[in-house]
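Colleague: sequence first, predicted coordinates after that:
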Amino acid sequence: MNGMMDHILQSDLFNDSTSISFSYIEILGTYINDCLGPNDSRHSSDEAVAIGETMDGRAVVRNISSHVVQSSEELSTLVERAKSLRSTAATEKNATSSRSHGIGIITCTDKKTNIEGSLYVIDLAGSERSGDTKEHDKE
């Protein structure tokens, strides 16, 4: 996710005519977590985060927090905070391998027309399996 986020952070998204908001979820098996939600919501079953589809085929994520950002620095801070809350575990190759899929959602809204678009930046979970990492060293 770092390469894509670097390009976004250096872009000209932050201006007077556009509103930018950011959300971040992790998917771990069947569990979906709002990494930027209130602290007590991480393991709450009230209004659980849900992923669905609209009638016209668009993906929609329900019950997640959305944070308006005014600068690339604010966005970077939120990205780092969300990534730090993802589920990780040690593997043979990586001491902090992600165990969950992370999805950053950047929503841009034109303030004049109210037209909205969203970019989903996905960081897939680490795929280190014991057999794979041992064999990889031999190559």
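Modeller: Looks like it came in fine.
Colleague: what about Gly37, neighbour count?
Modeller: The tally of other residues near Gly37 (other C-beta atoms under 10 Å) stands at 19. Where you see a C-beta, it was placed from the backbone N, CA and C, and this is true even at glycine.
Colleague: please report phi then psi for it.
Modeller: With angles defined as degrees, to the nearest 10, Gly37 sits at phi -80, psi 180.
Colleague: and the pLDDT for it?
Modeller: Looking at Gly37, its pLDDT reads 90.
Colleague: burial of Ser84, as a residue count?
Modeller: 9.
Colleague: oh sorry, the question was meant for Ile51
Modeller: Ile51 has 13 nearby residues by other C-beta under 10 Å.
Colleague: how far away is it from Ile103?
Modeller: Counting by C-beta to C-beta, to the nearest Å, the gap from Ile51 to Ile103 is 9 Å.
Colleague: tell me how far the nearest residue to Val69 once chain neighbours are set aside lies from Gly52.
Modeller: Nearest in space to Val69, with sequence neighbours left out and distances taken as C-beta to C-beta, 6 or more residues apart in numbering, is Leu75 at 4.6 Å. For Leu75, the distance to Gly52 equals 26 Å [C-beta to C-beta].
Colleague: that's all I had, so thanks and see you.
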